[in-house]
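In: I'll drop the sequence and a predicted model, then ask my questions.
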Amino acid sequence: MADVVSLDHYLKQAQRGSGRRQARPVYFDRSELQALMALYSEQVMAGTWRDYAIDHLAGMAAFSVYRRSQERPLYTLAKRQIGPSDHEYLLFEEGRRRRKAGDLSRLITWLRTPLKVVG
């Protein structure tokens, strides 16, 4: 069975940095922001998302979406630095890690896939 890892775990790890050097802030590049905003626009038109937040932290960048701005985020897509020029992408659902990928497009594809009724 998989271990449940919270977003807080990754935030603390990113703030500590790797090794002796302090981790630098991580940012989404233009193509990543365009893909995130396209997904956000689709979900706003569908009525499922209403607000978003972008955070740039030491070692991690996070794009969080909300159903209502007073609540915790429904989903958080995070870009985490794992090496000098390497990044990994993580998807958190209500604070718990759901997916991990080498590129952002895989996580976006997973979010766009409609849920199926199993019966």
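Out: That came through fine.
In: Find the helix or strand that Val109 is a member of.
Out: If you look again at residue 109, you'll see it is Thr, not Val. Using DSSP states H and E, Thr109 maps to helix 104-112.
In: Could you check that helix and say which residues are buried?
Out: Leu104, Leu107, Ile108, Leu111 (16 or more other Cβ atoms under 10 Å). Every residue, glycine included, has its C-beta placed from N, CA and C.
In: What of stretch 72-85?
Out: Pro73, Leu74, Tyr75, Thr76, Leu77, Ala78, Lys79, Arg80, Gln81.
In: Farthest pair within those?
Out: Using Cβ to Cβ, the two most remote members of those are Leu74 and Gln81, lying 24.5 Å apart.
In: Just want the most central residue of the protein.
Out: Leu77 (1.1 Å; Cα atoms, centre = their mean).
In: Show the contacting residues for that one.
Out: By Cβ atoms under 8 Å, 6 or more residues apart in numbering, the residues touching Leu77 are Leu36, Ala62, Phe63, Ser64, Tyr89, Leu90, Leu91, Phe92, Leu104, Leu107, Ile108.
In: Quick check: can you name the pairing partners of the host helix or strand of the fourth one and their directions?
Out: This means Ser64. Taking DSSP H and E as the definition, Ser64 sits inside strand 60-66. With DSSP bridges as the test, strand 60-66 is paired with strand 51-57 (antiparallel), strand 75-81 (antiparallel).
In: Filter the contacts of Leu77 down to the buried ones and hand me the PyMOL line.
Out: Selecting only the buried entries of these in PyMOL, with 16+ other Cβ under 10 Å as the criterion:
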select buried, resi 36+62+63+64+89+90+91+92+104+107+108
